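Engineer: the sequence and its predicted three-dimensional model are supplied below.
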Amino acid sequence: MRKLALSDEILLKIEKPARYIGNEVNSVMKDKNEVDIRFAMCFPDVYEIGMSHLGIQILYDMFNRREDVWCERVYSPWMDLDKIMREKKIPLFALESQDPIKQFDFLGITIQYEMCYTNILQVLDLSGIPLFASERNEEDPIVIGGGPCTYNPEPLADFFDIFYIGEGETVYDELLDAYKEHKKIGSSRREFLERAAEIPGLYVPTFYDVTYHDDGTIASFEPNNVHAKPTIEKQMVLNVTDTYYPEKPVVPFIKVTQDRVVLEIQRGCIRGCRFCQAGMLYRPTRERALERLKEYAYKMLKSTGHEEISLSSLSSSDYSQLKGLVNFLIEEFKGKGINISLPSLRIDAFSLDVMSKVQDIKKSSLTFAPEAGSQRLRDVINKGLTEEIILEGAGQAFEGGWTRVKLYFMLGLPTETEEDMKEIAHLAEKVAERYYQIPKDQRNGKCQIVASTSFFIPKPFTPFQWATMCNKEDYIQKAHIVNNEMKAQLNRKSLKYNWHEADVTVLEGVFARGDRKVSKVILEAYKMGCLYDSWSEFFDNEKWMEAFEKTGVDIGFYNLRQRDMDEIFPWDFINIGVTKKFLQREWERAMKGEVTPNCKMKCAGCGAAIYGGGVCVESKN
Amino acid sequence: MLKARIKFRKYGVMKFIGHLDIMRYFQKAMRRAEIPIAFTGGYSPHMVMSFANPLGVGLTSDGEYFDIELSESVDFAQAVRRLNEVMVEGMEIVNMIEISDDKKKTGMAIVAAADYLSEFVMEHPVENLADKIDAFRSQPEIIVWKKTKKSEKDVNIKPMIYDMREQDGKVYMLVATGSVENLKPELVMQAFGKFLGIDLEETAMRHHRLEVYADVGSEGQRHLVPLDQLGI
């Protein structure tokens, strides 16, 4: 029987002790004396969020297939335990062995969103690992970061030894082999990092120097070590069918956000929405073969016992074998009490038909993401959805018995005018009007149209990476314009409007396009007690503003400044295949309101064809 | 409809998994072991499964039960083996028996008592434990402040303690359990600790459930039988 890192008394005092005991179905136990490398894989948020992440499940499975590696999991302790661990000086531990993280060879941290940055410092701090990479020695684990936020790793550069840029399936084996060699010959930490820097896709921040112009923009970004390469190549699995995928994912005891079998049907997206980072980062679009997905569905449902299966991709409707896959899932599993959930489907006759089979129409709602209220602005952002398509889809849905529609929009998009904002309300009104066109005796009472807006945040490696943001007051003002217009609509009683707080948006903007200077603010905020910033009940904007003030970091520099076309961005040293030239061309087309066809319709020459695979090759056949 | 009762043990770190999560755990375990369990109808069908008296978080047990409905007959010995192959450490299926279709004989309704081994986690064990338990039990009444969902009040728990004695340096107790009367071992040990003058704020307790019983006696005569020995 394993000995737990926490005493019974502590575990019975805190919320959800199951977060910290491991022992879940399909979790992997090994003998620590029989392995060469111990890897702690971390999602810096609470267990229920971290356990829902597919990427960690993939890497956990991949690492543990190696006999010489034991990969374990670690998550952010919740606020209640965080306090106890600090008071009683209990070091952070991994769930499987319950051993302190400090004893591990690697601490891998997946960085999925900007608002987890203080939680990364919490994990390091509670582990007893120096926060700054420069202060770590031979006793400390190698701290390696991955995930979407590492496409601009600079705000976190001081805290990490290595960043893995891209998909994890490609070069981890090489890194682990290099580490084994390093342990065998007893080379220094620095020598190991030099070796790591030679592996494609691995970025060792300490081997680079950044200089700045007087105005604060970057003057130069150069390697200071011969082993470090000037450009880091994004890693990508060209063939997503014949690669790693967890047939036995870990099954949590407690309910987590993603409590189901997840089939990742494809990577990348053909659409090219200009605000969307994932749509650029994961090019080219690569589909996983239908037959393989069917195999995974059987095996994963059997090994987990989950009662639900879901598809994962950026845009499921673009998967060429969607009909075959969905029909297979329904025929094969529906009768066995397995729920089938189908997110991110375009609303059309096919999707309405399958949705009516797999969910209760009365309880479910339909989702559209027009992102912008007016056609003009939708052309600017290259969102191919038209008012006609929305009203057609909503109409079909209403006639099929649905009464609830959700509409997602963004405020603060480039070139946005007051008219564009008001059009959000007008579109919601038109959807409601479409419902009331159905004769009274044939419809199901009232409809409910819920429009939600978030504030647009320009992300690295998108055509909008040059865009300026707004300040908090302007954002709130925009939301008020929409809200007032909503109230002026004829069917206002059937319309509902939600908008997000603007505080977090401002911070996300700074971190998304920040440089190395931003690390000071993150550290200061953490020291002042900021933690779990993505949780509204813990987010403390006043503290953050104080941290900016204390460190002298200017929010306006990152969010409100007009960026020149030829400015060196902090993330320019990464090559994602999509060229800066293409992004610039797209930015210019956006300013003219010109749409760009999707990858399957016509190649736009983004640069990702250089990989020689995925949609770039298929669409030419 | 074929009904079966499954007896299981819960020990080790599994004591930190609460009742609702144990139910979810078994729903998934049934699928992993491919037990042909019956489902309810509707858009989100769920398994027909009913648990006997839920065990509190922090307690271990050798005698936990739930009843299921099967859609086809199975070899019980084989089903037990298949289930044990998909269990985690700290969960063990003890047996599986066929039970009557009669609703009155299933689930919560028949539970009447449970017995436990409890102890105070202290540096020095309580001296003359057997005598002290006798003294505790021979009080005319044992009043505790009992919180239920509906109310908080003083309750005399003495009639709900059917047996209480020293066993292997621990406290053995057989107490009323179920929907009519329910006494938790924590409450008994709190009262006992108070009687002994132990600082309960500072002292942890451990409780282990041994068995859950139905009462098959009549005319006020209690006759307790473990749930897996009731017969059809």
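Structural biologist: Yep, it's here. Numbering: from 1, shown residues only, chains lettered A, B, ... in the order given.

Engineer: which strand or helix spans the residue of chain B found nearest chain A?
Structural biologist: Using CB to the nearest CB, the single residue of chain B nearest to chain A is B:Lys28, 3.1 Å away. The way it works is simple: take the backbone N, C-alpha and C, and place the C-beta from them, glycine included. In this assignment (DSSP states H and E), B:Lys28 forms part of helix B:19-32.

Engineer: name the residues that touch the helix or strand following that helix?
Structural biologist: Counting by DSSP H and E, the next helix or strand C-terminal to helix B:19-32 is strand B:49-51. For strand B:49-51, the external contacting residues (CB atoms under 8 Å, 6 or more residues apart in numbering or on different chains) are B:19, B:22-23, B:26-27, B:30, B:37, B:64-68, B:106-108.

Engineer: for stretch B:145-156, same thing?
Structural biologist: For stretch B:145-156, contacts defined as CB under 8 Å, 6+ apart pick out B:Glu141, B:Ile142, B:Ile143, B:Val144, B:Ile157, B:Leu187.

Engineer: now it: mean pLDDT?
Structural biologist: For stretch B:145-156, mean pLDDT is 83.

Engineer: can you give me the buried ones in that stretch?
Structural biologist: Residues of stretch B:145-156 classed as buried by neighbour count (16 or more other CB atoms under 10 Å in any protein chain shown): B:Lys146, B:Val155.

Engineer: how far is it from where the chain is centred?
Structural biologist: Chain-centre distance of stretch B:145-156: 21 Å, with CA atoms, centre = their mean, to the nearest Å.

Engineer: for stretch A:405-416, same thing?
Structural biologist: Chain-centre distance of stretch A:405-416: 20 Å, with CA atoms, centre = their mean.

Engineer: quick one: end-to-end distance for that stretch.
Structural biologist: End-to-end distance for stretch A:405-416, by CA to CA, to the nearest Å: 24 Å.

Engineer: same question, stretch B:210-229
Structural biologist: Start-to-end span of stretch B:210-229 (CA to CA) is 15 Å.

Engineer: low pLDDT regions in the chain?
Structural biologist: No chain in the question, so chain A it is. Along chain A, segments meeting pLDDT under 70 span A:1, A:619-621.

Engineer: was after chain B, sorry
Structural biologist: In chain B, residues with pLDDT under 70: B:43-44, B:103-108, B:232.

Engineer: alongside chain A, which residues does it contribute?
Structural biologist: Counting by CB under 8 Å from any CB of the partner chain, the residues of chain B close to chain A are B:12-14, B:16-18, B:21, B:24-25, B:27-32, B:34, B:39, B:43-47, B:57-58, B:86, B:88-90, B:121, B:204, B:206.

Engineer: select only the buried ones of those residues in ChimeraX?
Structural biologist: Applied in ChimeraX, the following selects the buried portion of the residues of chain B next to chain A according to 16+ other CB under 10 Å:
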select /B:12,13,14,16,17,18,21,24,25,27,28,29,30,31,32,45,47,57,58,86,88,90,206
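
Engineer: now A:Thr217. Nearest residue, chain neighbours left out?
Structural biologist: In space, and not counting its chain neighbours, A:Thr217 is closest to A:Glu567: 5.6 Å by CB to CB, 6 or more residues apart in numbering or on different chains.

Engineer: what's around that neighbour, how many residues?
Structural biologist: 15 (other CB atoms under 10 Å in any protein chain shown).

Engineer: look up how far B:Ile6 lies from it.
Structural biologist: A:Glu567 is 67 Å from B:Ile6, where distance means CB to CB, to the nearest Å.

Engineer: now do A:Leu4
Structural biologist: According to CB to CB, A:Leu4 and B:Ile6 sit 27 Å apart.

Engineer: about what we covered before: identify the residues contacting the residue of chain B closest to chain A.
Structural biologist: Applying CB under 8 Å, 6+ apart to B:Lys28 gives the contacts A:Val25, A:Val251, A:Thr304, A:Gly305, A:His306, A:Glu307.
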